[in-house]
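Q: sequence and predicted structure below; questions after.
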Protein chains: 2
Amino acid sequence: MKEISKLMGYRSDIRVVDATLRDGGLVNNFYFTDDFVRDLYLANIRAGVDYMEVGYKASREMFDENKFGKWKFCKEDDLRAMFGDNNTELKLGVMADVGRCDYKNDILPKSESVLDLIRVATYLNTIPSAVDMIENASAKGYEVTCNIMAISNNHGNDLEVALDILGKTPVDVLYIVDSFGALYPEQIQRLADTFMNFATKYNKKIGIHAHNNQQLAFANTIEAVGDGVDWLDGTYAAMGRGAGNCAMELLLGFLRNPKYNLYPVLQFVEKHMKKLQKEGVVWGYDLQYLMTGLLNQHPRSAIDFTNKGREDYVEFYKEIVAQD
Amino acid sequence: MKEISKLMGYRSDIRVVDATLRDGGLVNNFYFTDDFVRDLYLANIRAGVDYMEVGYKASREMFDENKFGKWKFCKEDDLRAMFGDNNTELKLGVMADVGRCDYKNDILPKSESVLDLIRVATYLNTIPSAVDMIENASAKGYEVTCNIMAISNNHGNDLEVALDILGKTPVDVLYIVDSFGALYPEQIQRLADTFMNFATKYNKKIGIHAHNNQQLAFANTIEAVGDGVDWLDGTYAAMGRGAGNCAMELLLGFLRNPKYNLYPVLQFVEKHMKKLQKEGVVWGYDLQYLMTGLLNQHPRSAIDFTNKGREDYVEFYKEIVAQD
């Protein structure tokens, strides 16, 4: 049983990361208005959020700039136009996907960028590339996280091998990423234990990024807090791919550190997120996401179901159960 | 840490209770169509659900029969018209509220009723009346649960005193009811420990009925499973007062006992629950319920906010924070 002090007190090592633009951008192809982004930035500052992930550093050779909003690419000019020199307590980060980022060119030296943090996203089978990206970003002067996606697909001791390799890199934070929303809290606890073994050995922090396929994104995140995980991802109104993420408003309501303020989050959700939903931008828990989560599958089939406006949930279930 | 066997195996003592008609009835004043109720009954049978709570035994002196559907009163004639003699594995139950049920007259001897289970709902300050109702129902031949509502408002050792009194009655199951959706999983764990002390001493079972104000109804329910709680309430599509309950489809997806089947639940949700929602029946997680849950308040103000179609969430927050 967790200590009662963990509910009444707080750990000052906790870091809250707002991933709304990045994971939410997967819902609307990163077409956020400048007004939205500016208000989000200000809300994060007022809420005491520690990091704001403002999008991806996606390869402009692989992705057409005319088909996505600017937050998929996060060019320095666009960042400066929005955040200036960012002379605030809020740090700014981007995600860089293994295999989909021209990191050697597109990630500038820290001294030339308003960014503070590079989040390297990888699967377990692309760890060597992740290591190269981590070393590159660290040498350029950034804080670096490594986000191990689809963690529920770990086989055998692949994860332990990966964590041991990553532990020897300059990465600062090792992230548990439940991309499929497939995990229950007690599985998070076990994963956190595994991560903690290597984090302790190599002096790293641990983070969690959850998805809400089984309405467990918030529950899994607070489970992780009790297990020693310090870096916590949330998104406003839980906006994120498919079933969405851990809602920032739930997370800040839970955390007891007086540096965090719920009120600006509520204001932002009322003003902007409810508006997005009214405009027809769709994300969040629904039956089709429960199904892919339960079956430990990538949500792409469920997202396709959603985008087509299908309502034959049972038929969809029969489709995805029979994957032989 | 919980045993890994709890995820891969199952406890045969688990009992699943479908509370859709009862808690969901609070959303639509119990105006369910006969077609809905018949299909729900059949879905429960096919899904292997153990108990179906079909409504309330509400006092017809206090409540006007013309203002509510028949499932608020559950008269024997109405039960027989729908369920016949119920020669199935599925047991039927009703809720009887302390102070709002003419239980001496309206609850027939078991030999004259198709019902199997009486669920006595009480607050901590009405335990003596609950005891009388428990003894009455037990003497008439029913299985009996005692559902201690608003458990998050327990002061000092009131709960221990109540559990010791209830332990000496013929009640079969002691229920943790998080009416306000205010509790986190580790608080559920602590409550379950307290309940377990008395359940062990008096040979009772423990149950849980959760609300989804903080998207924790399912998480708190599976936390409770790991803590030895056997009776689990769910509702289809989480239909229930305010933020709703633990979704039956999530719960049956989690439970590993092969007697439970998810498929008929999915069929029912697609056919009936999605239809209800399209018709404008509103329940489920939203900001206003997060707020009352976080502040450990009864959801009535949030329900009123919902029913009025208000969208000024921040204004509502200011209203309910300032309750002096």
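A: Structure's in. What do you need? Residues are numbered from 1 along each chain as shown, chains lettered A, B, ... in the order given.
Q: what segments of the stretch 101-250 of chain A are helices?
A: With helices called from DSSP state H, counting those that start in this stretch, the stretch 101-250 of chain A shows them at A:103-106, A:127-139, A:158-167, A:185-202, A:217-226, A:248-254.
Q: which one, of the ones you listed, ends up nearest to A:Glu53?
A: In terms of CB to CB, the element of the helices of the stretch 101-250 of chain A nearest to A:Glu53 is helix A:248-254, at 12.0 Å. (Each C-beta comes from the backbone N, C-alpha and C, glycine too.)
Q: could you see whether chain B lies near the helix or strand just after that closest one?
A: Scanning forward in sequence from helix A:248-254 by DSSP states H and E, the next helix or strand is helix A:263-268. Yes. Under the criterion of CB under 8 Å from any CB of the partner chain, chain B is reached by helix A:263-268 at A:263, A:266-267.
Q: for chain B, what's the nearest residue on the stretch 51-200 of chain A?
A: A:Glu186 (4.9 Å; CB to the nearest CB).
Q: which positions in the stretch 101-250 of chain A make contact with chain B?
A: A:184-187, A:189-190, A:193, A:212, A:214-220, A:222-223, A:226, A:247, A:249-250.
Q: list buried members of those residues by neighbour count.
A: Among these, those scoring as buried are A:184-187, A:189-190, A:212, A:214-220, A:222-223, A:226, A:247, A:249-250 (criterion: 16 or more other CB atoms under 10 Å in any protein chain shown).
Q: related to what we said a few turns ago, pLDDT at the residue of the stretch 51-200 of chain A closest to chain B, what is it?
A: Listed pLDDT for A:Glu186 reads 93.
Q: spit out the contact partners of the residue in the stretch 101-250 of chain A positioned nearest to chain B.
A: Per CB to the nearest CB, the residue of the stretch 101-250 of chain A with the smallest distance to chain B is A:Ala219, at 3.2 Å. Going by CB atoms under 8 Å, 6 or more residues apart in numbering or on different chains, A:Ala219 touches A:185, B:185, B:215-216, B:218-219.
Q: of all these, which two lie farthest apart?
A: So for the contacts of A:Ala219, where distance means CB to CB, the most widely separated pair is A:Pro185 and B:Gln215, at 12.9 Å.
Q: redo the contacts of A:Ala219 as TSV? Include distance to A:Arg22.
A: Output for those, formatted as TSV (distance: CB to CB, whole Å):
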residue	distance to A:Arg22
A:Pro185	25
B:Pro185	28
B:Gln215	21
B:Leu216	25
B:Phe218	26
B:Ala219	25
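Q: from the chain's centroid, how far away is stretch A:54-69?
A: With CA atoms, centre = their mean, to the nearest Å as the basis, stretch A:54-69 stands 18 Å off its chain's centre.
Q: I'd like the mean pLDDT over it, please.
A: Mean predicted lDDT for stretch A:54-69 stands at 97.
Q: alpha carbons of that stretch, in PDB - could you do that?
A: This file holds the C-alpha atoms of stretch A:54-69, laid out as PDB (Å, rounded to 0.1, in the frame of the first residue of the first chain):
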ATOM      1  CA  VAL A  54       4.900  22.300 -28.900                       C
ATOM      2  CA  GLY A  55       4.900  19.700 -31.700                       C
ATOM      3  CA  TYR A  56       7.200  17.500 -33.800                       C
ATOM      4  CA  LYS A  57      10.400  18.100 -35.600                       C
ATOM      5  CA  ALA A  58       9.200  16.100 -38.600                       C
ATOM      6  CA  SER A  59      11.200  15.600 -41.700                       C
ATOM      7  CA  ARG A  60      10.200  18.000 -44.500                       C
ATOM      8  CA  GLU A  61      11.400  15.500 -47.000                       C
ATOM      9  CA  MET A  62       9.000  12.900 -45.800                       C
ATOM     10  CA  PHE A  63       6.000  15.200 -45.000                       C
ATOM     11  CA  ASP A  64       4.600  17.900 -47.200                       C
ATOM     12  CA  GLU A  65       4.500  21.200 -45.400                       C
ATOM     13  CA  ASN A  66       1.300  22.100 -47.300                       C
ATOM     14  CA  LYS A  67      -0.600  19.300 -45.700                       C
ATOM     15  CA  PHE A  68       0.100  20.000 -42.100                       C
ATOM     16  CA  GLY A  69       0.100  22.900 -39.700                       C
END
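Q: can you pull the buried residues of that stretch?
A: A:54-59, A:68-69.
Q: of those residues, which is the nearest to A:Asp34?
A: Using CB to CB, A:Gly69 comes nearest to A:Asp34 of those, at 10.4 Å.
Q: for the nearest residue to A:Ala224 once chain neighbours are set aside, which residues are in contact?
A: Leaving aside its sequence neighbours, A:Ala224 sits nearest to A:Ile208 (CB to CB, 6 or more residues apart in numbering or on different chains; 4.3 Å). Neighbouring residues of A:Ile208 by CB under 8 Å, 6+ apart: A:175-178, A:188, A:192, A:220-221, A:224, A:229, A:231-233.
Q: how does it look with 7 Å?
A: A:175-176, A:220-221, A:224, A:229, A:232-233 (CB atoms under 7 Å, 6 or more residues apart in numbering or on different chains).
Q: farthest-separated two in those residues?
A: Pairwise over the contacts of A:Ile208, using CB to CB, the maximum falls at A:Tyr175 and A:Asn220, 13.0 Å.
Q: CSV for the contacts of A:Ile208, including pLDDT?
A: Shown next, in CSV, are these (pLDDT from 0 to 100):
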residue, pLDDT
A:Tyr175, 98
A:Ile176, 98
A:Asn220, 98
A:Thr221, 98
A:Ala224, 97
A:Val229, 97
A:Leu232, 98
A:Asp233, 98
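Q: what's the neighbour count on A:His155?
A: Here the number of neighbours of A:His155 (other CB atoms under 10 Å in any protein chain shown) works out to 8.
Q: give me the pLDDT for A:Met1.
A: Note on A:Met1: pLDDT of 51.
Q: how about A:Asp324?
A: Reported pLDDT for A:Asp324: 63.
Q: contacts only, for the closest residue to A:Tyr51 other than its chain neighbours.
A: Spatial nearest neighbour of A:Tyr51, excluding adjacent residues (CB to CB, 6+ apart): A:Val17 at 4.4 Å. Contacts for A:Val17 were tallied using CB under 7 Å, 6+ apart; they are A:50-51, A:53, A:231-233.
Q: in its sheet, which strands sit next to the helix or strand A:Val17 falls within, and in what direction?
A: A:Val17 is part of strand A:15-18 when elements are defined by DSSP H and E. Applying DSSP bridges to the sheet, strand A:15-18 is found paired with strand A:51-56 (parallel), strand A:231-234 (parallel).
Q: thought A:Lys201 was touching A:Gly167?
A: Yes. A:Lys201 lies in contact with A:Gly167 (CB atoms under 7 Å); the separation is 6.2 Å.
Q: tell me which of these two has more neighbours.
A: A:Gly167 (17 against 12).
Q: surely that one touches A:Asn203?
A: No. With contact defined as CB under 7 Å, A:Gly167 does not reach A:Asn203; the gap is 8.6 Å.
Q: any shared contact partners between the two?
A: Contacts common to A:Gly167 and A:Asn203, judged by CB under 7 Å, 6+ apart, are absent.
Q: which residues does the residue lying closest to A:Glu135 once chain neighbours are set aside contact?
A: With sequence-adjacent residues excluded and distances taken as CB to CB, 6+ apart, A:Glu135 is closest to A:Thr169, at 6.2 Å. The contact partners of A:Thr169, taken as CB under 7 Å, 6+ apart, are A:131, A:134-135.
Q: most neighbours among the residues you listed, please name it.
A: Going by other CB under 10 Å, A:Ile134 tops those with 25 neighbours.
Q: from the buried residues of stretch A:54-69, which is closest to A:Arg241?
A: Among the buried residues of stretch A:54-69, A:Tyr56 lies closest to A:Arg241 (CB to CB), at 12.4 Å.
Q: returning to what we had before: give me the pLDDT for the residue nearest to A:Ala224.
A: 98.
Q: ok, what's across the strand from it?
A: A:Ile176, A:Leu232.
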